[in-house]
Structure formats: structure tokens, C-alpha cells
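Colleague: A structural model of the following input is requested.
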Amino acid sequence: MEAAIAVAAIQVLAIAAALWLSARHRLLDRGLPYLVSLAVGVLLATALLHILPDSVNALGNTPTLWLVFVATLFFMFCFERIFATVTGHPVETPAAGESDCGPHHHHGSRPLALIFGGTLHSFVDGVAVAAAFHTGRRIGWLTAVAITLHEVPHRMGDYALLTHLKVGRARAIRLITIVGLAALLGVALVLAAGHLSIGGAISATDWLLPISAASFVYIALVNLMPELASEATLGGVFLQLLSMLAGATLVALIIRLPGA
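Modeller: Modelled structure (predicted):
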């Protein structure tokens with residue numbers, strides 16, 4: 001239940017941010033690199049310090065576990081590349097601060113491709129958050145915060161790109177709401193899997209742990225880190241690195257708390 005509440009809150013915040021887009025775009029541009037950096041630190045530390053060790057505890061340090069982890073990374077890369085090649089649009093829309101890159105950036109983009117890709121990405125986010133709650137309440141809520149830092153600017157990017165493609169504002173809001181609902185389907189899948197057992201003591205949800213860890217690593221390294229490469233000043237890069245370390249340190253401290 002908490003996972004569903006957290007995911008619903010993420011999507012409400014993301015949609016509210018999209019409505020807030022036009023008036024305060026410059027403020028987002030200034031703060032976005034540091035929000036993204038913080039999310040990178042939280043996601044990587046959550047995957048490597050918490051979810052993967054829990055996976056090993058639940059499933060054993062077996063070749064099958066690491067095969068699932070690597071296969072998830074490979075599947076996400078293959079899917080994103082094939083989807084982008086076929087539709088001319090990435091699975092994940094650029095963040096709002098990056099969406100006004102000129103007409104060439106939008107070449108080949110279509111609302112249907114944008115919504116389909118965003119829906120799949122939102123579904124994966126829902127699965128990842130719910131699987132994180134499976135490891136503990138604190139790490140679940142922390143993961144939800146990290147996904148929010150990642151999801152809000154990208155939902156704003158969805159909205160900006162839809163309006164650029166001549167979709168009416170009211171319809172654009174309806175479409176990004178549909179994208180967000182897919183995250184709740186991801187939560188429902190994890191909850192349903194929790195009632196299944198594989199091999200006696202091992203539940204199907206346990207196998208979502210390495211999948212969740214791999215998705216966090218992929219999102220951080222492939223989707224988010226490239227967004228930070230445009231920073232050209234030494235001070236800006238230093239603040240990005242501090243934000244990453246702050247996110248990772250926050251996870252490390254929370255893990256040490258009882259019941260995390």
C-alpha cells in the first residue's frame with residue numbers, strides 16, 4: 001500500500017510540475033543539474049549498497065542472480081535502442097530544460113511514440129519503487145524521492161514536447177496523466193508477484209530485486225549521467241559531484257538505521 005501511495009504522489013507532483021512549467025522554466029534550468037546529480041547518487045547507492053545485497057541474501061550469490069541483473073541491463077539497452085530507431089523518438093523524453101534544442105531535436109517525434117515510450121518507462125519506475133519497498137520502508141521512501149527528482153523534469157519535458165507538436169494543453173495534460181498511471185500498474189505487478197512463491201521459501205518478488213537494482217543502475221548511468229555532460233564550468237561540475245556524493249551518503253546513513 002505504501003508503494004502505491006508513493007508512486008501516486010510521484011505522478012501527482014510530476015503532473016503539477018508540468019502545469020507549472022511555462023512560468024518558471026528558467027528556475028528549473030538552474031537547479032536541474034543538481035537535482036539530477038542527487039538522483040544519480042541515490043539510485044546508484046540504493047542499487048549497490050542495499051537492493052543488490054538484499055538480492056544476494058534472498059536468492060543466494062548464484063550465477064542465475066547475476067544473469068538476471070546483466071540481462072535486465074541488456075534488455076533495457078536493446079529496447080531503448082530499437083524503440084528509438086523504429087519511432088524516431090527516445091523512450092525517455094529529455095528533461096524540460098533540454099527540450100528546447102531547436103527543430104532538429106524534434107525531428108521524427110510523434111505524440112503516440114512519446115506516450116508509448118513514456119508509459120513503458122513509467123511502468124518500470126513503478127516496479128522499481130515497489131521492489132524497493134519490499135526491502136524496507138525507509139529505502140522505499142528514499143527511492144521514491146530519487147524517482148521523483150528524476151521523473152518531474154522529464155514529465156515536464158513530455159508536456160513541453162507535446163505542446164511543441166501542436167497538441168492542445170488540455171489534451172497534453174490528459175496524455176501525461178495516462179503515462180503516470182502506468183507506474184501504478186507496475187506497483188500492482190509487484191504486489192501480485194508477492195503472492196506467488198518459487199521453490200518454496202523464495203517469492204516471485206525476490207526475483208524483482210536484481211531487476212530493480214539493474215534498472216536503477218541503468219537509469220542512473222545511461223539516462224541521467226549524460227544529462228550532466230553539458231556543464232562547462234569547474235564550479236558547476238564540482239557542485240554536481242557534491243550532489244552525487246550527498247545522495248549516496250544519504251542512502252548509506254539511512255541503511256544504518258534500524259528497520260531500514
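
Colleague: only C-alpha atoms for contact and neighbour calcs from this point on.
Modeller: OK.

Colleague: Residue 75: which element?
Modeller: Counting by DSSP states H and E, the element that carries residue 75 is helix 63-87.

Colleague: ditto for residue 172
Modeller: For residue 172, the element it lies in under DSSP H and E is helix 169-193.

Colleague: helices and strands around that helix, which ones?
Modeller: Secondary-structure packing of helix 169-193 (3 or more C-alpha pairs under 8 Å, 6 or more residues apart in numbering; DSSP states H and E): helix 2-19, helix 111-135, helix 137-164.

Colleague: what angle separates the last one from helix 169-193?
Modeller: In this case it means helix 137-164. Helix 137-164 runs at 150 degrees relative to helix 169-193, counting by axes from the mean of the first three to the mean of the last three C-alpha atoms, to 10 degrees.

Colleague: how about helix 137-164: buried residues?
Modeller: 138-163 (16 or more other C-alpha atoms under 10 Å).

Colleague: ok and that helix relative to helix 2-19, angle-wise?
Modeller: 30 degrees.

Colleague: Check the second one too.
Modeller: The directions of helix 111-135 and helix 2-19 differ by 140 degrees, with the same axes, to 10 degrees as the criterion.

Colleague: where are the low-confidence patches of the stretch 1-150 of the chain?
Modeller: The stretch 1-150 of the chain contains residues with pLDDT under 70 at 1, 18, 21-32, 89, 91-114, 117, 150.

Colleague: low pLDDT regions in the stretch 151-260 of the chain?
Modeller: Residue ranges of the stretch 151-260 of the chain with pLDDT under 70: 153-154, 157, 161, 164-165, 194-205, 255, 257-260.

Colleague: run the last query once more with 90
Modeller: 151-233, 235-236, 247-248, 250-260 (pLDDT under 90).

Colleague: Help me confirm that residue 232 is found in a strand?
Modeller: No: read with DSSP: H, G, I helix; E, B strand; the rest coil, residue 232 is coil and lies in no strand.

Colleague: residues touching residue 244, list them.
Modeller: Contact analysis of residue 244 by C-alpha atoms under 8 Å, 6 or more residues apart in numbering lists 37-42.

Colleague: try 10 Å
Modeller: 34-45, 238, 250 (C-alpha atoms under 10 Å, 6 or more residues apart in numbering).

Colleague: What of residue 19?
Modeller: By C-alpha under 10 Å, 6+ apart, the residues touching residue 19 are 13, 156, 159, 169, 173.

Colleague: Could you check how far it is from residue 9?
Modeller: According to C-alpha to C-alpha, to the nearest Å, residue 19 and residue 9 sit 16 Å apart.

Colleague: Tell me how far the residue found closest to residue 152 once you drop the neighbours it is linked to in the chain lies from residue 156.
Modeller: Excluding the flanking residues, the one nearest residue 152 by C-alpha to C-alpha, 6 or more residues apart in numbering is residue 14, at 4.3 Å. Residue 14 is 7 Å from residue 156, where distance means C-alpha to C-alpha.

Colleague: How about residue 5?
Modeller: 21 Å.

Colleague: what's the answer for residue 243, then?
Modeller: 22 Å.
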